[in-house]
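Peer 1: Pasting the sequence and the predicted model now:
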Amino acid sequence: MANYISQLLIPISIEYDGGMDIHKLISHRRSVRSWADRPVDRGTITRILETARFAPSAKNKQEWHVVVVRDAAARRRLGEECARQSFVGEAPAVLVVCGDTSMGVMRCGQPRMPVDVAIFIDHITLVAAAEGLGTCWIGSFDAEIAGEIVGVPEGWVVAQLLPLGYPASDDVDAAKPKQRKSLEEIVSWETWKNPGLG
Ligand SMILES: Cc1cc2nc3c(=O)[nH]c(=O)nc-3n(C[C@H](O)[C@H](O)[C@H](O)COP(=O)(O)O)c2cc1C
């Protein structure tokens, strides 16, 4: 796998060679908040991050950094900063995803860092799902204290937490249908007022 990935670093055309159908992967990924009593080994986490780092970013700056927390005491402390979300610290690993605060604003007016980091995190969640692992974006936490726990340096901020683990077999969320807006609600063609055209 490592050799395959490093080949992608040279400018070649990349052809998708099949594997799990991307449509199915995306539509089946869900947030997981209940974990099997099964560790996630370092090799699996590395493989996920190795692939996710191919995420696109503005000017290809890739100004993200992940601290992988597997230590039980540190996970518990992180979990305590996520009000009433004890499942965070119960996951076998918590990814503390950080962004560079010096990243500027794009010409369109949007800040680069939150956009780039969100894409990176989404890549992680999808690759993790392909590996049979569950994740849950966590935005409800104290970023300052989380940063202190993992030693985030000056100029960086904790953007999101991402607990990672194998889903519990009795996870009640697994049976819940996906709640999503209809395509008509979120898509227009040519102008905002033309939902049905296309
Ligand atoms: C930016 C962001 C922040 C989120 N923060 C939390 C959170 O603090 N706690 C939580 O349980 N879920 C959190 N979620 C997960 C959403 O609730 C979840 O993605 C959404 O309900 C859709 O469900 P699904 O992921 O199962 O498709 C967050 C998701 C995103 C994208």
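Peer 2: That came through fine. Computed from a prediction, not measured in an experiment: that's the story for all the values here. Numbering: from 1, shown residues only.

Peer 1: helix or strand right after the longest strand seen in the chain?
Peer 2: For the chain, the longest strand by residue count, based on DSSP state E, is strand 156-165. Using DSSP states H and E, the helix or strand that follows strand 156-165 towards the C-terminus is helix 183-186.

Peer 1: Against which helices or strands is that next one packed?
Peer 2: The helices and strands touching helix 183-186, judged by 3 or more CB pairs under 8 Å, 6 or more residues apart in numbering; DSSP states H and E, number zero. Bear in mind the C-beta positions are built from the backbone N, C-alpha and C, glycine included.

Peer 1: where along this protein do the helices fall?
Peer 2: Remark: helices assigned in the chain by DSSP state H are 2-7, 22-28, 42-52, 72-80, 87-90, 112-130, 143-150, 183-186.

Peer 1: Columns mean neighbour count on top of those helices, output as CSV?
Peer 2: Formatted as CSV, the helices of the chain follow (neighbours: other CB atoms under 10 Å):
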stretch, mean neighbour count
helix 2-7, 9
helix 22-28, 11
helix 42-52, 17
helix 72-80, 17
helix 87-90, 20
helix 112-130, 20
helix 143-150, 17
helix 183-186, 9
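
Peer 1: now these as TSV including distance to residue 58 and mean pLDDT?
Peer 2: Shown next, in TSV, are these (distance: least, CB to CB, whole Å; pLDDT from 0 to 100):
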stretch	distance to residue 58	mean pLDDT
helix 2-7	23	43
helix 22-28	23	93
helix 42-52	17	98
helix 72-80	28	95
helix 87-90	29	97
helix 112-130	4	97
helix 143-150	22	97
helix 183-186	24	93
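
Peer 1: Same list (those helices) but as CSV, adding distance to residue 35.
Peer 2: Listed next are those as CSV, based on distance: least, CB to CB, whole Å:
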stretch, distance to residue 35
helix 2-7, 27
helix 22-28, 18
helix 42-52, 14
helix 72-80, 11
helix 87-90, 6
helix 112-130, 13
helix 143-150, 20
helix 183-186, 32
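
Peer 1: Residue 34 and residue 170 touch, don't they?
Peer 2: Yes - counting by CB atoms under 8 Å, residue 170 is a contact partner of residue 34 at 7.5 Å.

Peer 1: Which residues of the chain lie near the ligand?
Peer 2: Residues of the chain that fall close to the ligand, judged by CB under 6 Å from any ligand atom: 30-31, 33, 85, 136-140, 178.

Peer 1: Find the centremost residue of this protein, please.
Peer 2: By CA atoms, centre = their mean, the chain has its centre lying nearest to residue 121, at 2.6 Å.

Peer 1: For that one, give me its contacts.
Peer 2: 97, 137, 159-160, 162 (CB atoms under 8 Å, 6 or more residues apart in numbering).

Peer 1: Tell me the one among these nearest to residue 183.
Peer 2: Top of the list for closeness to residue 183, among the contacts of residue 121 and by CB to CB, is residue 137 at 22.9 Å.

Peer 1: how much space between the closest one and residue 104?
Peer 2: For residue 137, the distance to residue 104 (CB to CB, to the nearest Å) stands at 24 Å.

Peer 1: No further queries at this time; thank you.
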